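> I'd like to go over a predicted model; first the sequence, then the structure.
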Amino acid sequence: MLTDEILDKYEMTIGIECHVQLATATKLFSSADNDARDKAPNSVVSPVDYGLPGMLPVLNRRAVDLAIKAGKALNAEIARVSRFDRKHYFYPDLPKGYQTTQMYQPIILAGYVDAPLEDGSSVHVRIHHAHMEEDAGKLTHFGDYSLVDLNRAGTPLIEIVSEPDIHSAAGAKAFATELHRLMVYAGVTNGDLYQGNMRFDVNLSVAPKGATKLGRRAEVKNLNSFRSVEKAAEYEFRRQVELLEKGLRVVQETRGWDDAKQKTNSQRSKEDAQDYRYMPDADIPPIVLTAEEIAEIQATVPMLPSGYRERWLPLELDRSVTDSLLAVREHAALVTDIQDKAGDDIAKRVAHWLTSAFGRTDDDTATAATNLSPDGYIELAQMVAKSELSSTAAKEVFLEIAASSESPRAIAERKNLLQVSDEAAIAAIVDEVLADPASQASLADIRAGKDKAIGYLVGQIMKKSQGKANPALAQKLIRERM
Ligand code: MN
């Protein structure tokens, strides 16, 4: 049995590789559509993607621009000269017989990501490099035969390779989550995890704490959610510790993640490094960039998550609220917009409404408000600040504004939610309640110094006004009358 005491003797070391699908209209080297969603198999494939004889690939400049933006989000230098290589292997989903990738001169050089953790600290992960490459096709296996779909062949990717700087499963999840936010905010990818827009490979090894040499690592491939990154790291750590405790060795291999069983399983051994016979791709000229060009493209990168976190400091939001806003870029932009127009207090109210209404899921499946104009939200928050609406009623109105563009006042009127702050109207109800024989015990209690008893009277007034009386005003009128 693995006790906490045993686990505590070991340290895990994790490096992550992440393939990011670039949000271009066309493929990396052909004019075929880059959006393969809901397309019939092999319907968005050009001769280049089929690797037909005589084809000539042409580099998609838009993909280069997105890689340059990704470099900014990764705090990395961009290589002034980078180029493509051929990585040879035979597989039915790779008709050319080689993948076009960047082995020796990648476009994105060393950088780093600071990923915030739950406890308020953060994990600093160095980026070794990131390179551009094309995706392969997809194989679907049916008993004794398999079908090939090349719709995805030639899809532009960047592969981000981290240094082994992560030492916890929570850190691995935090890094994957922040990497996703960075790539989405920088406009590099659509970031749809369900569609495989970002796929994580977790390299994990285990060694006794304080050891100077890393253990032998296993690689868990193709994780497509932040949660599975965390769970796979937790599982691999325990599995490898168990082997070491039994005096066995960890096999260097590629493993897959079984989400239903929450387990990794062996796919293929990596004992001998494969020889891919890398060679420069003679069909594609090197990418040569000027400093001015790089600066110009990077200047178009909008505010990144760290920028939002800094802007929101005066709002003093909880970490969970910040995360839920950042999970939907439009929400983050909306709150910042409101902050500029109407100040911190109003922005904070709206931030909390957005979070409680749209919540946060573990991955990027959060739904979003459709009305992203700040004016209605500002007006709603101001109505609450002026006691025209209770905070409960405001939440109801909020949901309607978020889904349409009707003004908050119109919604509140239609739903009969406006608080009565008209003194004469409330005074009449107060008098009625105070005259009620059922109220006399509470009145006596208040006179005897049990001030809490006023709650009963305010409750009665709220009831008689169908929840619309301004409770603060009702309390004031009761005290005046006593
Ligand atoms: Mn790759």
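Received, thanks.
> so where's the stretch 351-482 of the chain shaky on pLDDT?
By pLDDT under 70, the weakly predicted segments of the stretch 351-482 of the chain are 360-367.
> now with 50?
Low-confidence segments of the stretch 351-482 of the chain (pLDDT under 50): 363-364.
> show me where it has strands.
Using DSSP state E, counting those that start in this stretch, the stretch 351-482 of the chain contains no strands.
> check contacts around residue 6.
With contact set as CB atoms under 8 Å, 6 or more residues apart in numbering, residue 6 has these partners: 241, 245. The C-beta positions use only the backbone N, C-alpha and C, and glycine is treated the same way.
> beyond the strand or helix carrying it, next helix or strand please.
According to DSSP states H and E, residue 6 maps onto helix 4-7. Where DSSP H and E defines the elements, the next helix or strand beyond helix 4-7 is strand 10-21.
> show me how the record splits this structure into domains.
Here the domain parsing of the chain from automatic domain parsing is 4-292, 303-414, 423-481.
> now do the same end-to-end measure for the longest one.
Using CA to CA, to the nearest Å, the end-to-end distance of domain 4-292 comes out at 54 Å.
> next: the second one.
Distance between the two ends of domain 303-414: 39 Å, counting by CA to CA.
> for residue 133, what are its contacts?
28, 99, 100, 101, 102, 157, 158, 159 are the contacts of residue 133 under CB under 8 Å, 6+ apart.
> is it in a helix, a strand, or coil?
Of the three states, residue 133 takes strand under DSSP: H, G, I helix; E, B strand; the rest coil.
> for the nearest residue to it once chain neighbours are set aside, give its distance to residue 202.
Excluding its sequence neighbours, the residue lying closest to residue 133 (CB to CB, 6 or more residues apart in numbering) is residue 101, at 3.6 Å. Distance, residue 101 to residue 202, using CB to CB, to the nearest Å: 21 Å.
> kindly report the same for residue 253.
The gap separating residue 253 from residue 202 is 13 Å, by CB to CB.
> give me the common contacts of those two.
Residues touching both residue 253 and residue 202 (CB under 8 Å, 6+ apart) are residue 219.
> more crowded one of those two?
Taking other CB atoms under 10 Å, residue 253 and residue 202 do not tie; residue 202 has more neighbours (29 against 16).
> for the residue nearest to the more buried one when sequence neighbours are not counted, grab phi and psi.
Leaving aside its sequence neighbours, residue 202 sits nearest to residue 220 (CB to CB, 6+ apart; 4.6 Å). Phi and psi for residue 220, reported as degrees, to the nearest 10, are phi -100, psi 120.
> give the burial count for the nearest residue to residue 436 once chain neighbours are set aside, as a bare number.
Excluding the flanking residues, the one nearest residue 436 by CB to CB, 6+ apart is residue 460, at 7.4 Å. If you count neighbours by other CB under 10 Å, residue 460 ends up with 20.
> list the contacts for residue 460?
If you count contacts by CB under 8 Å, 6+ apart, residue 460 has them with 433, 436, 439.
> can you check residue 98 too?
Counting by CB under 8 Å, 6+ apart, residue 98 touches 86, 87, 88, 89.
> again, 6 Å this time
Counting by CB atoms under 6 Å, 6 or more residues apart in numbering, residue 98 makes contact with 86, 87, 88.
> now, the residues you listed that are in strands?
Using DSSP state E, 86, 87, 88 are the members of these that sit in strands.
> tell me what the second one is bridged to.
Beta-bridge pairing of residue 87 under DSSP bridges involves residue 99.
> was I right to think it contacts residue 276?
Yes. Residue 87 is within contact range of residue 276, at 4.5 Å (criterion: CB atoms under 6 Å).
> circling back to that earlier point, rank the domains of the chain by pLDDT, which is bottom?
Note on the domains of the chain: domain 423-481 shows the lowest mean pLDDT, a mean of 85.
> out of the contacts of residue 133, who has the most neighbours?
residue 28 (29 neighbours).
> which helix or strand contains it?
Taking DSSP H and E as the definition, one finds residue 28 inside no helix or strand.
> neighbours of the spatially closest residue to it that is not a sequence neighbour, how many?
Counting by CB to CB, 6+ apart, residue 28 lies nearest to residue 156, which is 3.8 Å off, once chain neighbours are set aside. By the measure other CB under 10 Å, the count of residues near residue 156 is 26.
> list the contacts of stretch 370-380.
With CB under 6 Å, 6+ apart as the criterion, stretch 370-380 contacts 330, 334, 337-338, 341-342, 346, 350, 397, 401-403, 405, 408.
> with stretch 404-411 instead?
Here stretch 404-411 makes contact (CB under 6 Å, 6+ apart) with 371, 376, 379, 380, 397, 400, 401.
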